[in-house]
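J.: Next input, structure requested:
(one chain, ligands or ions: 1)
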Amino acid sequence: MMAGMATGLTDRLLRRIERSGPITFAAFMSDALYDPDEGFYERGPTSAGTDGARATGAGEVGLGGSFVTSPHVSPVFGRLLARQVQDFDAALGRPAPFGLVDVGAGDGTLGEQIAGGIGDDLRARMELVLVERTARHRVLAEARRMPSATRIVAGLNELPAGSIEGCLIANELLDNLPFHLVRSTDGRVVELLVGAGSDGASLVLVDGPVSSDEIGRLAGALPPGQVATIPTGALAFVDAAAAVLRRGYALVVDYAATEDTDEFGGVHGYRGHGVVGDVLAHPGSSDVTAGVDMEVVARHAERAGFRVWGPVTQRDALAVLGFADEVEALRRAQVASLDESRGTEAVRAYSARGAARLLVERGGLGDFAVLCLGKGVGDAPPRCMTPPPEFRAGKGQAT
Ligand SMILES: C[S@@+](CC[C@H](N)C(=O)[O-])C[C@H]1O[C@@H](n2cnc3c(N)ncnc32)[C@H](O)[C@@H]1O
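T.: Next up, the predicted model:
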């Protein structure tokens with residue numbers, strides 16, 4: 001990775017490294033994303049210049065931010081997940097309260113979409129909990145008109161153990177949870193730490209000893225020279241989910257790690273809707289992320305006592321939840337608007353249809369992985385985990 005200009009956060013990290021030596025990539029990531037003053041998710045959109053953008057009250061995720069997630073692309077995403085939540089409720093025997101916990105809730109867009117998509121009976125029993133680490137996003141979520149039984153908390157560990165009967169949802173959370181970086185060198189695994197460059201002003205990756213036996217075990221046998229991410233934050237999320245769920249499901253959606261990672265294990269960022277390769281250069285100015293190894297997450301979930309289904313692709317999961325019906329409804333709305341000479345509304349429905357299609361696009365959001373975990377539930381797979389054969393293996397017709 002390249003040398004970078006020193007920012008306030010860079011300076012603080014350099015001083016810390018000078019005092020106590022190189023830090024793990026997970027520690028770097030934690031500061032770069034969540035430092036209360038300069039972390040990417042706390043400081044607000046950077047694409048338009050930090051201070052001016054701060055006043056807009058926008059979040060980092062969304063059209064005015066650095067990148068978009070599915071709920072920001074189209075409300076069809078939340079409406080379809082609402083159907084799965086209805087199924088979870090039925091499978092659990094319609095408990096009261098039914099806890100719906102959106103972890104990594106961002107500005108509350110997805111929670112609002114799901115709450116708006118469920119039926120009155122469930123809405124009356126539902127306790128919506130938005131779990132969001134950053135103060136900035138919690139403020140944005142609070143500004144929404146959410147159902148009255150909504151709580152906003154900073155961490156899953158704020159919920160008492162075994163307190164939730166219902167479901168947890170985590171959309172694009174796991175890839176933002178701190179991970180470690182390792183590489184195989186001369187037949188052994190070394191950890192890539194963040195240290196000071198020879199200019200004393202930049203951050204660089206340096207080889208160091210593996211920081212725990214667990215990381216060494218998870219690194220396993222890597223091909224020579226390969227860099228891999230070890231998703232310790234994602235595994236801690238699974239443990240926290242197991243602790244908080246008395247009975248129910250956890251639905252995890254994220255982009256999955258691919259085999260062909262680069263020399264930095266696929267680590268990258270986003271700034272102003274563009275990809276950032278050198279995430280060490282300006283910490284706090286871009287996202288820091290990497291595809292999630294869903295197999296590692298699934299194996300860990302099984303060890304934590306979960307029943308595991310999937311992963312399936314987002315394209316297939318949304319198809320079986322009724323994506324085609326939603327698009328057809330938008331098409332009918334467009335035709336009706338045209339028939340009644342409401343041209344602007346017709347164009348809006350047309351655009352909404354195009355936006356919805358991005359949710360299932362190949363090479364994009366449609367390729368995301370969806371994993372479902374169940375605790376104290378029956379063996380029947382949730383609907384979104386059972387795409388019919390014609391939807392599977394990339395043949396999904398979700399249009
Ligand atoms: C990429 S955003 C996704 C937001 C939202 N789920 C969506 O789909 O638009 C990830 C969010 O997770 C939050 N986050 C990160 N670590 C967290 C944690 N340990 N607990 C709760 N929220 C966390 C971040 O602050 C950020 O708002």
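
J.: pretty sure Ile118 is touching Asp87, no?
T.: No. Ile118 is beyond contact range of Asp87, at 10.8 Å (criterion: Cβ atoms under 8 Å). Where C-beta positions appear, they are placed from N, C-alpha and C, glycine not excepted.

J.: Looking at those two, which one has more neighbours?
T.: Each of Ile118 and Asp87 has its neighbours counted (other Cβ atoms under 10 Å); Ile118 has more, 22 against 17.

J.: OK, contacts around that one?
T.: 82, 85-86, 89, 126 (Cβ atoms under 8 Å, 6 or more residues apart in numbering).

J.: Over to Asn171?
T.: Per Cβ under 8 Å, 6+ apart, neighbours of Asn171: 69-71, 102, 104, 110, 253-254.

J.: Now for those, which sits with the most neighbours around it?
T.: When the contacts of Asn171 are compared by neighbour count (other Cβ under 10 Å), Asp102 ends up highest, at 30 neighbours.

J.: Point me to the helix or strand that includes the closest residue to Gln334 other than its chain neighbours.
T.: Nearest-residue entry for Gln334: Ala349, 3.7 Å, with adjacent residues in sequence omitted and distances by Cβ to Cβ, 6 or more residues apart in numbering. Assigned by DSSP states H and E, Ala349 belongs to helix 343-358.

J.: Up against the ligand, what does the protein have?
T.: Contact residues, the chain versus the ligand (Cβ under 6 Å from any ligand atom): 41, 61, 69, 71-72, 103-106, 109-110, 131-134, 137, 155, 171-173, 176-177.

J.: 5 Å - rerun?
T.: Applying Cβ under 5 Å from any ligand atom, we find that the chain lies next to the ligand at 41, 61, 69, 104, 106, 131-134, 137, 171-173, 176.

J.: Measure how buried the residue nearest to Gln334 is and give me the count.
T.: 20.

J.: how close does it sit to the ligand?
T.: Distance, Ala349 to the ligand, using Cβ to the nearest ligand atom, to the nearest Å: 23 Å.

J.: could you list every residue that touches that residue?
T.: Listed by Cβ under 8 Å, 6+ apart, the contact partners of Ala349 are 330-331, 333-334, 337.

J.: So which of the contacts of Asn171 are in strands?
T.: 102, 253-254 (DSSP state E).

J.: mind giving me TSV with those residues and columns for pLDDT?
T.: Below are these laid out as TSV (pLDDT from 0 to 100):
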residue	pLDDT
Asp102	97
Val253	98
Asp254	96
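
J.: In three-state terms, label Asp199 for me.
T.: coil (DSSP: H, G, I helix; E, B strand; the rest coil).

J.: Show me where the stretch 201-350 of the chain has its helices.
T.: Per DSSP state H, counting those that start in this stretch, the stretch 201-350 of the chain carries helices over the ranges 213-219, 232-244, 294-303, 314-320, 323-339, 343-358.

J.: from these, which stretch is densest packed?
T.: helix 314-320 (a mean of 27; mean count of other Cβ atoms under 10 Å).

J.: Touching that one from outside, list them.
T.: Applying Cβ under 8 Å, 6+ apart, the set of residues contacting helix 314-320 from outside is 70, 76-77, 80, 253, 359-362, 365-370, 383-388, 391-392, 396-398.

J.: Beyond the helix holding Ala349, next helix or strand please.
T.: Heading C-terminal from helix 343-358 (DSSP H and E), you reach strand 369-375.
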